[in-house]
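Peer 1: Compute the structure for the input listed below.
(one chain, ligands or ions: 1)
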Amino acid sequence: MTTKVKTTITEAEWEVMRVAWTAETVTSKEIVAVLKDKMNWKPATIKTLIGRLVEKGLLATEPVGNKFIYTPTVSEEDSVKNVTLDVFSQMCNKKVGTTLANLLAEATLSHEDVRLLEEVLAQKKKEAVDEVACNCAPGQCNC
Ligand SMILES: [Zn+2]
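Peer 2: Numbering: from 1, shown residues only. Modelled structure (predicted):
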């Protein structure tokens with residue numbers, strides 16, 4: 001579903017990225033301030049995570065005075081989308097509809113969210129096929 005080379009973000013790294021996405025530019029001190037209580041992590045742990053994200057190219061780093069500032073190189077929306085598409089690429093195409101329905105049933109949604117979904121669904125209704133084609137290797141589903 002997605003052809004570009006994926007960079008995986010671990011759950012712990014995801015916590016750091018959320019702080020960076022929210023602040024847009026951020027120092028390690030600011031990241032530590034947000035996460036040390038929430039995650040019960042030591043500053044050294046958080047700095048290791050920041051270092052890994054810099055190595056992965058997900059945070060750009062720039063020295064300013066005697067500290068470094070970090071800026072996300074990928075958007076939160078694209079990152080969330082990639083992770084979600086990854087999950088769907090690991091299942092039979094025929095199961096995607098049911099999986100989406102299950103996810104929707106579990107989600108707490110605003111009126112605005114529902115309106116957006118109705119828009120997408122109206123479009124999907126126009127494009128719907130009689131049967132979704134299976135994309136699996138023999139032995140990996142019962143299609
Ligand atoms: Zn299949």
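Peer 1: show me where pLDDT drops low in this protein?
Peer 2: When residues are selected by pLDDT under 70, those of the chain lie in 1-6.
Peer 1: what separates the helix or strand containing Ala101 from the chain centre, distance-wise?
Peer 2: Using DSSP states H and E, Ala101 falls within helix 96-106. Chain-centre distance of helix 96-106: 18 Å, with C-alpha atoms, centre = their mean, to the nearest Å.
Peer 1: Just the buried positions in it, please.
Peer 2: When burial is assessed from 16 or more other C-beta atoms under 10 Å, helix 96-106 yields the following buried residues: Val96. Using the backbone N, CA and C atoms, a C-beta is placed for each residue, glycine as well.
Peer 1: check which helix or strand covers the residue positioned nearest the centre of the chain.
Peer 2: In the chain, the centroid-proximal residue (C-alpha atoms, centre = their mean) is Val80; its distance is 2.3 Å. Assignment of secondary structure by DSSP H and E places Val80 within helix 76-89.
Peer 1: shouldn't Leu104 be in contact with Leu117?
Peer 2: Yes. Shown here, Leu104 and Leu117 form a contact pair, counting by C-beta atoms under 8 Å, at 7.3 Å.
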